[in-house]
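Trainee: need coordinates for the following:
(one chain, ligands or ions: 1)
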Amino acid sequence: MTSSTGTKSLFAAIVGRPNVGKSSLLNALIGEKLAIVTSKPQTTRTRITGVLTRGQTQFVFLDTPGIHQPRTKLGKRMVKTVEETVDDGDVTLMVFEPYGELTEAEADLVREIRASRTPAFAVINKTDCLKKDADLQTRVQFLEALGAFQKILGVSAAKREGLDALLDLLEGCAAPGPHYFPDDAYTDLPEKAIVAELVREKLLLYLRDELPHGTAVSVERFHEREDGGLIDIEVTIFCEKKSHKGMVIGKGGAMLKKIASAARADCEDFLGQRVNLQCWVKVKDDWRDNDFYLNNFGFRQ
Ligand SMILES: Nc1nc2c(ncn2[C@@H]2O[C@H](COP(=O)(O)OP(=O)(O)OP(=O)(O)O)[C@@H](O)[C@H]2O)c(=O)[nH]1
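Mentor: Numbering: from 1, shown residues only. Reported below is the predicted structural model:
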């Protein structure tokens, strides 16, 4: 904890339905590839903390899984994580698409925000996709009518537009107090957890349909060689069915090789060192509905 006079800090929970761009917004705000981003909904499974220190103010962002109607125990834990994160934050940022009706899960969350004492802002993301400028105002009016948000603003996480205005707004809510992380930190996640997420991102990118949602990644070994030149990492990819294991490995091991080599490149970028990455695939039947495995993989109860 850094304590000095004049410092301020703020915890902001980023919530919203799957695929609205919460992780993209977090990455754009802190300027690092921290939360994995894919075009598939429900990419983020746990809460991810991103840290940004700007001048005297430290912003701590809590990214969350997309809110949805859960079908598995994993899904239920994901939704619970969102509710807890809203309670933990000083401010809630609820992210919306620029068009479309609210989903049932979104409407429920808006109701919770309205009832909670935590101030909330609505962030309309993907403004680069607006068909005409006036559509932003229409969306602002639609969200204003919900009566839950103190302020509504548009951003494009992809084009990094509107972010300074969002940070200025948040700065106004920051309370005098110490910084909770070193000023050059950008996350509280351990390196191993980020490596596991980078591998999972590749599963989401290369495997089709529902299959990647039934996978979990666990880093079994993370060892930096003494000469400092290389990090040996061993990762196990767990799938729910034997047939899925075959698909992850692919013909002659081709798919696993593609996943591992793309993940290795990202790990090297992130760790700033050469990486020797070994990936293994194992089957754990229906782990998403098994409390023992969920605890083992580190999903919050
Ligand atoms: N055009 C456009 N696309 C965006 C923007 N922000 C995010 N996206 C895309 O939207 C998709 C979802 O982005 P994510 O950041 O993974 O969304 P998320 O809300 O974290 O998703 P979950 O983890 O499923 O809850 C990706 O394909 C992004 O590239 C934006 O500002 N503009």
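Trainee: now for the protein, the helix or strand with the poorest mean pLDDT.
Mentor: In the chain, the helix or strand scored least confidently by mean pLDDT, DSSP states H and E is helix 73-88, which has a mean of 69.
Trainee: pLDDT (mean, whole number) over stretch 55-71?
Mentor: Stretch 55-71 carries an average pLDDT of 80.
Trainee: correction: stretch 230-243
Mentor: Rounded mean pLDDT across stretch 230-243 is 90.
Trainee: before we move on, what about stretch 24-36?
Mentor: Here the average pLDDT along stretch 24-36 is 78.
Trainee: hmm, Val123 and Leu25 touching each other?
Mentor: Yes - in this structure, Leu25 is within contact of Val123 by Cβ atoms under 8 Å, at 7.0 Å. Placement of C-beta: from N, CA and C, glycine included.
Trainee: any shared contact partners between the two?
Mentor: Residues touching both Leu25 and Val123 by Cβ atoms under 8 Å, 6 or more residues apart in numbering: 93, 95, 155.
Trainee: so of those residues, which ones are in strands?
Mentor: 93, 95 (DSSP state E).
Trainee: give me the subset of the shared contacts of Leu25 and Val123 touching the ligand.
Mentor: Near the ligand, taking Cβ under 6 Å from any ligand atom as the test, no member of the shared contacts of Leu25 and Val123 is found.
Trainee: let's have the shared contacts of Leu25 and Val123 in JSON lines, adding pLDDT and neighbour count.
Mentor: Shown next, in JSON lines, are the shared contacts of Leu25 and Val123 (pLDDT from 0 to 100; neighbours: other Cβ atoms under 10 Å):
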{"residue": "Leu93", "pLDDT": "94", "neighbour count": "26"}
{"residue": "Val95", "pLDDT": "97", "neighbour count": "22"}
{"residue": "Val155", "pLDDT": "98", "neighbour count": "26"}
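Trainee: distance check, Pro212 against Ala263.
Mentor: Per Cβ to Cβ, to the nearest Å, Pro212 is found 13 Å from Ala263.
Trainee: show me which residues of whichever strand or helix holds Ala263 are buried.
Mentor: Under the criterion of DSSP states H and E, Ala263 resides in helix 254-271. Within helix 254-271, the residues scored as buried using 16 or more other Cβ atoms under 10 Å are 255-256, 259-260, 262-264, 266-267, 270-271.
Trainee: right, I'll call it a day here.
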